[in-house]
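J.: for reference, the sequence and a predicted model appear below.
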Protein chains: 2
Amino acid sequence: MKLPLGYRYSSTYAGIRKDKRDDLAIIASDAPASAAAVFTTNRVQAAPVRLARKHLEATGGEARAILANAGNANCATRTGMRVAEACCRAAAKELKSPMTQVLPASTGVIGVEMDASLVTGSLPALFEGLSETRFEDVSRAIMTTDRIPKVAFGEVPFNHGMASIAGMTKGAGMIHPRMATTLGFVMTDAEIEPGPLASMLRRSTERSFNRLSVDGAMSTNDTLILLANGASGLRPTSKERMVFEEVLCWVMQDLAEMIARDGEGANKKVTVHVVGAKDDKAATQIARAIANSPLVKTAIAGSDPNWGRILSAAGASGVEFDPDKVDIRLQGVPVCHRGLAAEFSEIELKKKLDASDCVIRFAIRGQGKGETCFWTCDLTEGYIRINASYRT
Amino acid sequence: MKLPLGYRYSSTYAGIRKDKRDDLAIIASDAPASAAAVFTTNRVQAAPVRLARKHLEATGGEARAILANAGNANCATRTGMRVAEACCRAAAKELKSPMTQVLPASTGVIGVEMDASLVTGSLPALFEGLSETRFEDVSRAIMTTDRIPKVAFGEVPFNHGMASIAGMTKGAGMIHPRMATTLGFVMTDAEIEPGPLASMLRRSTERSFNRLSVDGAMSTNDTLILLANGASGLRPTSKERMVFEEVLCWVMQDLAEMIARDGEGANKKVTVHVVGAKDDKAATQIARAIANSPLVKTAIAGSDPNWGRILSAAGASGVEFDPDKVDIRLQGVPVCHRGLAAEFSEIELKKKLDASDCVIRFAIRGQGKGETCFWTCDLTEGYIRINASYRT
């Protein structure tokens, strides 16, 4: 898969985290790129989140680089904003750009002061290492408790050529205590202005990252940035933009699904497919309730075709529906028909639920065309071990 | 503690559940009692929930008996309503009362047809066993996965004597798959009309059972019934009613706390105390978010003073507050001061968090007087083992 043109990547070990893995990374566009971002809606927002938002406002949606670190969230600290500013200022100097064209993102421990000099002192090495091909190095540097790096690619056929999209993300796991955060960075070489770019990102986020739940926790640092530097020379028509948005959404859905699959302690990715709701919003609300139910998630972990828990979770979602009009399928097998137990072979279905991909389909008859897909993972003892293990 | 006058209790094994423990129980008032109830707000409601509501409407809030069974929720079944009606009708015949004066309640498997003849065939033995002292037998018969029976008592000093309140409940655990449900039955010998009784129950539920979360799951069968038979001959004045309601609330809070302590796999009861919010509702919303956070609950399981997770969970609650004005205490020890890390001995605090009672205090400065207590439990590997263990 071709990487988008006009971006360079680098990562290095700055000493922010204890284990000696790269913890500082940069994604730099050769020319200023249109930039859009969505951030956590948590009332508690880390300094880099606040600063990135401020920078985007100041530039009207233009950026040269994303500067990211793992190992410290730079959140709930006395020096948070000063540190984030110092890091951006130093990176901007190397780039010979205004400071506002650098977007910071951090993940790691909350409530521990971060040493800006670790970052600024590592910038020469970081910039030294910039290369068009080190995309995956960056995706590894932002990993905290992720078991695998998460990258996804897309190509968009325009009339005059092919534009590329490349995205990376890190998981919402909190394997080491005080660590959290989803970070996502998506780059394209299509030429799109900041305004429409922001709309596309917002809509695509709604259909990807906002349909994902590992443990219902929302970080103080969640950040998703989309850059479009136009290096392909391709400027989509309004029709082509729709194609672009579709591919963008696929790439982002790929990334979201990877996070679900790599959830803390997870053995299975679970897709909750809701159809026939009043509208998409209602469908998503039902899907979210099912996906957040620890009882459903432990049942999936145990390959238990326990549809009563699914029906009950949906019933508690706040969405109105008639339970007598509900059909539920697990792995394609009808388990609940019009709100009542369907006939199925429990032994065979258990075997099917041992798969690493599980699909719950929740259908309402005759209410509407609302539909959604929502991604989560099973809930295993591993999740608990990971999150309670601080003392051991 | 004196049991309220004028009630008799019985339980027996009717063969509804597999293991041979009593699974059918009755609480009978010698005379018709004022009755009030609150039920699950799940869209999926078991037949006994629908029938009990219908009976209360028909009588305007009067009942002779509560007929409860464990082992089958009588929910999402073809014959649900017919079964519930047959059971109530047969019990009413024994009581020589209208059928509408019997309130049914069930807990157990969802989606499995229930055999009414198991209940009706056991009624002679059940009524044979009625006794004023078998209160705890009933509290044991409604247990499903509870480790301990849960009962609480109160006495209310009126001008002309002492009225009694006795309550029992069962936990919201779901240790055996497809089992859920909180059932609660509270009896008093004070004389109170159905109207005010219902208001008292509603308000007290708000301050007790509605401030409880084990795993965020809401059953299809949750039922809480309050009976007042007036057997003490004491009819409280409007002032005395306030005292009565206070004691009723204590009894119900005791029961709710017992459920938290006996949560699935739980080793610790956790009390989340929020103060200084805009109003009580906002305080409860923050407390609920903290109590429902698997990350907070696993941290408590691991005795990890991880206040960042608490602050982050509160920030995601949807309530607006200024993070810089938040103080957090764990076991009385300040861990977060004005949104930043406080100085504390991690080793000493870990030791304190090993206690079976943990208290999280979340205080907002200068926003208001909103305050709440919310109960939950820690989240351990036991919870997962229990809920995913169906296949083993």
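T.: It's in.
J.: quick check: phi and psi on residue A:79?
T.: Dihedral pair for residue A:79: phi -100, psi 10, per degrees, to the nearest 10.
J.: just the one 3 residues further on next, same as before
T.: The main-chain torsion angles of residue A:82 are listed as degrees, to the nearest 10 and equal phi -60, psi -40.
J.: so who does it touch?
T.: With contacts defined as Cβ atoms under 8 Å, 6 or more residues apart in numbering or on different chains, residue A:82 is in contact with residue A:116. Using the backbone N, CA and C atoms, a C-beta is placed for each residue, glycine as well.
J.: would you mind listing the buried residues in the stretch of helix or strand residue A:363 belongs to?
T.: Under the assignment given by DSSP states H and E, the secondary-structure element containing residue A:363 is strand A:357-364. Neighbour-count burial for strand A:357-364, counted by 16 or more other Cβ atoms under 10 Å in any protein chain shown, picks out A:358, A:359, A:360, A:361, A:362, A:363, A:364.
J.: I figured the fourth one hits residue A:270, correct?
T.: No: counting by Cβ atoms under 8 Å, no contact exists between residue A:361 and residue A:270, whose distance comes to 11.6 Å.
J.: how many residues are close by residue A:65?
T.: 27 (other Cβ atoms under 10 Å in any protein chain shown).
J.: element containing it, please.
T.: Secondary-structure assignment from DSSP H and E places residue A:65 in strand A:62-72.
J.: now do residue A:121
T.: Element membership of residue A:121 [criterion: DSSP H and E] is helix A:116-128.
J.: and if you look at residue A:106?
T.: Using DSSP H and E, residue A:106 maps to strand A:102-109.
J.: who does that strand pair up with?
T.: Taking DSSP bridges as the criterion, strand A:102-109 sits next to strand A:62-72 (parallel) in its sheet.
J.: quick check: residue A:231 is in a strand.
T.: No: assessed with DSSP: H, G, I helix; E, B strand; the rest coil, residue A:231 is coil; it does not lie in a strand.
J.: pLDDT at it, what is it?
T.: On pLDDT, residue A:231 comes in at 96.
J.: quick check: it touching residue A:3?
T.: No: between residue A:231 and residue A:3 there is no contact under Cβ under 8 Å: 10.6 Å.
J.: neighbour count: the two, which is higher?
T.: The residue with more neighbours, out of residue A:231 and residue A:3 and counting by other Cβ under 10 Å, is residue A:231; that gives 21 against 16.
J.: you'd agree residue A:272 is up against residue A:289?
T.: No: counting by Cβ under 8 Å, no contact exists between residue A:272 and residue A:289, whose distance comes to 9.3 Å.
J.: between these two, who's got more neighbours?
T.: A side-by-side neighbour count of residue A:272 and residue A:289, using other Cβ under 10 Å, places residue A:272 first with 30 against 25.
J.: downstream neighbour of the helix or strand harbouring that one in the secondary structure list?
T.: Under the assignment given by DSSP H and E, the secondary-structure element containing residue A:272 is strand A:269-277. Once the chain leaves strand A:269-277, the next helix or strand it forms, by DSSP H and E, is helix A:280-292.
J.: mind listing what's buried along that following helix?
T.: For helix A:280-292, by 16+ other Cβ under 10 Å, it's A:280, A:282, A:283, A:284, A:285, A:286, A:287, A:288, A:289, A:290, A:291, A:292.
J.: and which of those is nearest residue A:240?
T.: The shortest gap between residue A:240 and any of the buried residues of helix A:280-292 belongs to residue A:280, at 24.9 Å (Cβ to Cβ).
J.: can you pull the contacts of that closest one?
T.: Under the contact definition (Cβ under 8 Å, 6+ apart), the residues listed for residue A:280 are A:370, A:371, A:372.
J.: between the residues you listed, which is closest to chain B?
T.: Distance ranking of those against chain B, using Cβ to the nearest Cβ, places residue A:370 first at 15.5 Å.
J.: helix or strand for the closest residue to residue A:379 other than its chain neighbours, which one?
T.: The spatial neighbour of residue A:379 that comes closest, neighbours along the chain excluded (Cβ to Cβ, 6 or more residues apart in numbering or on different chains), is residue A:297 at 3.6 Å. With elements taken from DSSP H and E, the one containing residue A:297 is helix A:294-301.
J.: show me what that helix is packed up against.
T.: helix A:307-315, helix B:381-388 (3 or more Cβ pairs under 8 Å, 6 or more residues apart in numbering or on different chains; DSSP states H and E).
J.: hmm, the last one in reach of chain A?
T.: The one in question is helix B:381-388. Yes: when contact is scored as Cβ under 8 Å from any Cβ of the partner chain, part of helix B:381-388 falls within range of chain A: B:381, B:383, B:384, B:385, B:387, B:388.
J.: dump the residue contacts of the first one.
T.: Meaning residue B:381. With contacts taken as Cβ under 8 Å, 6+ apart, residue B:381 has the following neighbours: A:381, A:384, A:385, A:388, B:265.
J.: give me that answer again for 6 Å
T.: With contact set as Cβ atoms under 6 Å, 6 or more residues apart in numbering or on different chains, residue B:381 has these partners: A:381, A:384.
J.: try the last one
T.: In this structure, residue B:388 makes contact with A:298, A:301, A:302, judged by Cβ under 6 Å, 6+ apart.
J.: hmm, back to that, and the contacts of residue A:280 as TSV, adding distance to residue B:343?
T.: What follows is these, written out as TSV (distance: Cβ to Cβ, whole Å):
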residue	distance to residue B:343
A:370	52
A:371	53
A:372	47
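J.: before we move on, the earlier item: redo the buried residues of helix A:280-292 as JSON lines? Include pLDDT and distance to residue B:323.
T.: Listed next are the buried residues of helix A:280-292 as JSON lines, based on pLDDT from 0 to 100; distance: Cβ to Cβ, whole Å:
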{"residue": "A:280", "pLDDT": "93", "distance to residue B:323": "33"}
{"residue": "A:282", "pLDDT": "96", "distance to residue B:323": "33"}
{"residue": "A:283", "pLDDT": "96", "distance to residue B:323": "34"}
{"residue": "A:284", "pLDDT": "93", "distance to residue B:323": "28"}
{"residue": "A:285", "pLDDT": "92", "distance to residue B:323": "28"}
{"residue": "A:286", "pLDDT": "95", "distance to residue B:323": "32"}
{"residue": "A:287", "pLDDT": "95", "distance to residue B:323": "31"}
{"residue": "A:288", "pLDDT": "90", "distance to residue B:323": "25"}
{"residue": "A:289", "pLDDT": "90", "distance to residue B:323": "28"}
{"residue": "A:290", "pLDDT": "93", "distance to residue B:323": "32"}
{"residue": "A:291", "pLDDT": "91", "distance to residue B:323": "28"}
{"residue": "A:292", "pLDDT": "86", "distance to residue B:323": "24"}
